[in-house]
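>>> Build me a structure from this.
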Amino acid sequence: MKKILLIESDYAVLDRLYHIILKYKKNVSIFQTGDLSDAYQTVISHDIELIIVDTSLNKEPFSEISCLKFVEDIRQFDKYAFIPVIVISALADDCLHVFSELHCYGYLEKPFSYEAAETLIKDALRFKMQKREKRFVYFKSGCVFHPIRVSEIVYIEHRRRQMFIHTREEIIDIPYHTCSSTMQQLIDEDFVPCARGTIVNMDFIQSLDSLNRYLVLREGMGQLEVGRSYVKRIKDALQDL
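Coordinates of the predicted model:
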């Protein structure tokens, strides 16, 4: 699932940008804020793949400086060194700075046309963050934490608050874990629900038979049934890969 951060305090602009994104990308998680402290927390807590930031978050003098400083700061993180950032500003002088110093993907000078914004966002959405193969997810059972490499998880089943993690090599049984809490832990990974209580790693999906409603898994890992209400969501997710 692609994660996008919109930093904008004008709700009309925010809503329009939100719907432009959904027009070209269905399987997305869009974080919205008009506050830079929230924006910092979001980029720390999640793997954001596109940032759209309006430098004029409020009417205080020199507020643009703090917004551009935010972009400068996140460029110091390895994972954000090259992701696309689109800057919206009323100051033409910002244009050279965002390209030459902040290496931003695009620039929209106010007042901007939404046609121009749509073209820019559509192109930026093609970017895909490189996966971190060594990433682990930690599941707690009692006082014990189980570290599991994300790239090894094929799918996860939940039955009566019991979680069964199917990896390449084994099935790990962890009690007292709900499907919703598992999805929250995997929010930054490419997992998608395929049936009630079942979550599949999209890297292991070989094909989808939407008529008969089942998934064929890679590496001879078998098949999974797909719930009727989940077919479209999986189709959209696979198209976004």
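>>> Every contact and neighbour count from this point should use C-alpha atoms.
Fine.
>>> Can you pull out the residues in contact with stretch 136-147?
148-150, 174-176, 185-186 (Cα atoms under 8 Å, 6 or more residues apart in numbering).
>>> Show the buried residues in the residues you listed.
Buried residues within the contacts of stretch 136-147, counting neighbours by 16 or more other Cα atoms under 10 Å: 148, 150, 174, 186.
>>> From Asp203, how far out is the second one?
I take that to be Val150. As judged by Cα to Cα, to the nearest Å, Val150 and Asp203 stand 10 Å apart.
>>> still on that earlier bit, could the buried ones among the contacts of stretch 136-147 be laid out in CSV, adding pLDDT and distance to Val231?
Shown next, in CSV, are the buried ones among the contacts of stretch 136-147 (pLDDT from 0 to 100; distance: Cα to Cα, whole Å):
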residue, pLDDT, distance to Val231
Ile148, 89, 28
Val150, 89, 24
Ile174, 89, 28
Leu186, 83, 20
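>>> domains for the chain, by residue range?
Domain assignment for the chain, taken from automatic domain parsing, gives 2-124, 136-239.
>>> looking at the ones you listed, which one has the lowest mean pLDDT?
Here these differ in mean pLDDT, and the lowest is domain 2-124 at a mean of 84.
>>> How far does that domain stretch from one end to the other?
First-to-last distance for domain 2-124 - Cα to Cα - comes to 12 Å.
>>> Centre of the chain to it, how far?
15 Å (Cα atoms, centre = their mean, to the nearest Å).
>>> Helices of the chain, start to end?
Taking DSSP state H to define them, one finds helices in the chain at 11-24, 36-45, 63-74, 94-100, 114-124, 179-185, 231-239.
>>> can you list those in CSV and add distance to Gly142?
Output for the helices of the chain, formatted as CSV (distance: least, Cα to Cα, whole Å):
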stretch, distance to Gly142
helix 11-24, 40
helix 36-45, 25
helix 63-74, 36
helix 94-100, 49
helix 114-124, 43
helix 179-185, 15
helix 231-239, 33
